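> The following comprises the amino acid sequence and a computationally predicted model.
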Amino acid sequence: MAQKYIIAFLIFCLHSSLHAQEFNSDKPLEITDLEGMFLERNYQLLVAKYQIDQADAQILQSKLFPNPRFGIDEANLWSNPSSERLPYLFGPYGSRQQISLELEQLIETAGKRKKRIALKQLEKNTALLDVEETLISLRLDLRNTFISLQKLTAQEVEVRQMVDYLTRLKEQYTRQSKLQTISKVDYYRVQSALITWKEQLTNLTDEQIQKLSRLRLYTQQPLELAHLALSTKRLHNLSLRVPMDLMEIALYNHPAIKQSANDLSISHAELAIEKAERIPDITFQVSYDRGGNIMRDFVGVGISVDLPLFHKNQGHIKAAQIGIKREQEKRVGLAFELNNNLQLLTRQLNLYEKELLDYTNGSPDDFKNMIDTYAQNLTNNQVTLMEFIDFSESYIAARRAYLELQERYYHTFEELQYRIGKDL
């Protein structure tokens with residue numbers, strides 16, 4: 001089981017790293033490139049991987065046998081007149097020296113050691129699943145950050161165009177206001193509109209900086225907007241990529257469900273260990289006694305075992321059985337919650353997709369052309385200043401609504417992929 005997780009994880013890392021580009025490449029970085037950098041450099045992911053090494057160390061520890069116990073007893077540092085004379089230990093020393101040596105070895109019964117090894121291997125699976133969960137959750141946030149940055153960049157282009165045009169218009173109206181060829185009201189109206197649009201531009205720039213900082217954190221690279229391929233190309237019909245057996249795929253792939261199944265296996269393993277603890281362990285003994293009995297040099301063997309008279313580990317066994325029931329209920333609840341989330345996300349995806357079909361996907365060039373046309377009409381007095389400002393505000397508001405809906409559409413699809421634990 002653990003090897004399967006490791007192989008799947010390494011294949012994913014290899015596949016993603018194939019798309020990684022060097023940071024100093026002339027080619028703008030796509031989201032796949034950022035994911036490659038994320039896999040190679042993200043400190044949260046690297047730290048999470050150390051859990052696997054710790055789990056391997058715990059498995060190694062569980063395979064070790066208990067150490068034998070050696071004791072020295074009844075060693076006299078002096079003698080009294082009633083002592084017998086014994087053969088010398090070495091040289092002229094030890095004729096009245098008594099000593100007892102004992103060697104003990106604990107032998108575990110009922111396969112306790114093998115059961116502990118099996119438990120530690122399941123705990124290693126937990127570490128692997130934690131890494132997988134960390135990976136896909138951070139990758140989800142990375143992708144959503146990139147999507148949001150695309151939206152902000154598209155908004156920023158149009159708002160900046162409006163700020164540039166109003167700046168020129170303000171300069172023009174400043175000159176005309178001094179010549180008194182236009183009213184002060186129009187001049188202040190242009191000035192107020194410019195301030196409002198500059199504030200929007202500042203807010204967008206601030207959000208871009210925050211999103212870019214988040215991408216830097218994930219990739220550990222000093223990224224700038226110029227390094228990124230922030231395409232505004234629209235993705236169509238994402239709902240068609242959603243399979244019919246969505247729930248079955250999610251139950252097989254989602255880390256939380258796999259973790260729940262592994263936790264249930266851990267509970268069963270803990271119950272097996274607690275039941276094995278009912279059977280007492282055996283301690284074998286080998287002892288040597290010099291001058292302490294009727295034999296001058298006595299070697300004997302012995303055995304000791306606890307008598308299960310007062311308890312047979314009933315409390316721990318009951319607690320482990322309750323743990324199994326708890327994990328079973330938890331798994332049922334997680335499956336229901338997952339199914340509910342998948343239904344919600346699928347409905348939202350279809351809803352957003354349907355709404356996007358009603359929008360006309362304009363572009364910055366379209367906006368620039370319309371602004372130029374309205375500006376020419378404003379110069380020719382075919383439209384008023386208020387009509388020009390109202391049009392630009394309405395158009396950009398509609399574009400903002402479209403881009404935000406598109407952002408929610410893409411975020412929903414990424415959330416759906418996260419919930420099923422694989423890319424569609």
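Ah, there it is. Nothing here was measured: the structure is a model prediction, and the numbers come from that model.
> so where do the strands sit in the stretch 201-350 of the chain?
In the stretch 201-350 of the chain, the segments counted as strands under DSSP state E, counting those that start in this stretch are 282-290, 297-305.
> Can you redo the ones you listed as TSV, where the extra columns are mean pLDDT?
Formatted as TSV, the strands of the stretch 201-350 of the chain follow (pLDDT from 0 to 100):
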stretch	mean pLDDT
strand 282-290	92
strand 297-305	91
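> Tell me which of those strands lies nearest to L135.
Closest approach to L135 among those is made by strand 282-290 (46.2 Å; CB to CB). For glycine as for every other residue, the C-beta is placed from the backbone atoms N, C-alpha and C.
> Which other helices and strands does that closest one contact?
strand 99-107, strand 297-305 (3 or more CB pairs under 8 Å, 6 or more residues apart in numbering; DSSP states H and E).
> Direction included, what does that strand pair against?
Pairing partners of strand 282-290, with direction, according to DSSP bridges: strand 99-107 (antiparallel), strand 297-305 (antiparallel).
> Relative to L77, tell me which of these wins on proximity.
With distances scored as CB to CB, the stretch of the strands paired with strand 282-290 nearest to L77 is strand 99-107 (10.8 Å).
> Tell me which helix or strand comes right after that closest one, heading toward the C-terminus.
From strand 99-107 onward toward the C-terminus, using DSSP states H and E, the following helix or strand is helix 112-178.
> about what we covered before: let me have the strands of the stretch 201-350 of the chain in TSV, extended by distance to D206.
Rendered in TSV, the data for the strands of the stretch 201-350 of the chain read as follows (distance: least, CB to CB, whole Å):
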stretch	distance to D206
strand 282-290	71
strand 297-305	73
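> distance of the spatially closest residue to L204 that is not a sequence neighbour from D206?
Nearest-residue entry for L204: E156, 4.6 Å, with adjacent residues in sequence omitted and distances by CB to CB, 6 or more residues apart in numbering. When distances are taken as CB to CB, to the nearest Å, E156 and D206 turn out to be 11 Å apart.
> does the residue at the greatest distance from the centre of the chain sit in a helix, a strand or a coil?
Outermost residue of the chain with respect to the C-alpha centroid, by CA atoms, centre = their mean, is P81; its distance is 77.3 Å. Three-state assignment for P81 (DSSP: H, G, I helix; E, B strand; the rest coil): coil.
> F65 too?
Local secondary structure at F65 is given as coil here, using three-state DSSP.
> Quick check, it in contact with I117.
No. The pair formed by F65 and I117 falls short of the contact definition of CB atoms under 8 Å, at 11.8 Å.
> In terms of neighbours, single out the busier of those two.
In this comparison of F65 against I117, neighbours counted by other CB atoms under 10 Å, the higher total goes to I117 at 18 against 10.
> Next one: the closest residue in space to I257 that isn't next to it in sequence from Y352, what distance?
Nearest-residue entry for I257: L251, 5.5 Å, with adjacent residues in sequence omitted and distances by CB to CB, 6+ apart. Note on L251: its distance to Y352, by CB to CB, is 25 Å.
> can you check D164 too?
Distance of D164 to Y352, computed by CB to CB: 32 Å.
> Over to V299?
Computed with CB to CB, the distance linking V299 and Y352 is 85 Å.
> Please identify which of these two sits among more neighbours.
A direct count of neighbours by other CB under 10 Å for V299 and Y352 places Y352 higher, at 20 against 10.
> Give me the nearest residue to that one, chain neighbours excluded.
Nearest one to Y352, counting by CB to CB, 6+ apart, is Y409 at 4.0 Å.
> and that neighbour, how many residues sit next to it?
Neighbour count of Y409, defined by other CB under 10 Å: 22.
> centre of the chain versus the host helix or strand of it, how much separation?
Secondary structure assignment for Y409, by DSSP H and E: helix 385-420. With CA atoms, centre = their mean, to the nearest Å as the basis, helix 385-420 stands 29 Å off its chain's centre.
> I'm done for today, thanks for sticking with me.
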